[in-house]
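A.B. asks: 3D, please:
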Amino acid sequence: MPTARVLRDMKARHGVNASEILRRAYLYVARNQTLPAQVRFQAQLQLNTFGRYTRPTTVKNRCIESGRGRGIINEFGLTRYQFRMKAKANELPGVHKASW
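C.D. replies: Model prediction:
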């Protein structure tokens, strides 16, 4: 059962994907110095109407097993501990414990 933080992150990821193109278009217009100030201001107002979970900064990498938000290994989407446990159990293809 996913925790509230994991559900919030899933909601944020969905919101960012749904509004990414429109948001980038408004950002481009708002930051374009060659356009008139009034047009840029209107684009900024439109950006302000977007919801909280449409901003890419609200998305956080979380472990797919435990939901923990720190110590994530990006290639596998797991925390360091979960990665270690799965590697020891041979559940990750191409990963094995190093010995030298």
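
A.B. asks: measure the nearest residue to Leu47 once chain neighbours are set aside to Gln82 for me?
C.D. replies: Spatially, and ignoring its direct neighbours in sequence, Leu47 is nearest to Tyr26 (4.9 Å; CB to CB, 6 or more residues apart in numbering). Every residue, glycine included, has its C-beta placed from N, CA and C. Between Tyr26 and Gln82 the computed distance is 38 Å (CB to CB, to the nearest Å).

A.B. asks: over to Gly94?
C.D. replies: Following CB to CB, the distance that separates Gly94 from Gln82 is 17 Å.

A.B. asks: state the phi and psi torsions of Ile73.
C.D. replies: Backbone geometry at Ile73, expressed as degrees, to the nearest 10, gives phi -100, psi 110.

A.B. asks: thought it was touching Arg84?
C.D. replies: No. Counting by CB atoms under 8 Å, Ile73 does not reach Arg84; the two are 9.8 Å apart.

A.B. asks: okay, and the common contacts of these two?
C.D. replies: Here Ile73 and Arg84 have no joint contacts, going by CB atoms under 8 Å, 6 or more residues apart in numbering.

A.B. asks: can you tell me which residues contact the most centrally placed residue in the chain?
C.D. replies: The centre of the chain sits closest to Val59, judged by CA atoms, centre = their mean, with a distance of 3.2 Å. Residues in contact with Val59 (CB under 8 Å, 6+ apart) are 9, 12-13, 16.

A.B. asks: related to what we said a few turns ago, more crowded one of Gly94 and Gln82?
C.D. replies: Neighbour tally, Gly94 and Gln82, criterion other CB atoms under 10 Å: the higher count belongs to Gln82, 19 against 5.

A.B. asks: okay then, goodbye and thanks.
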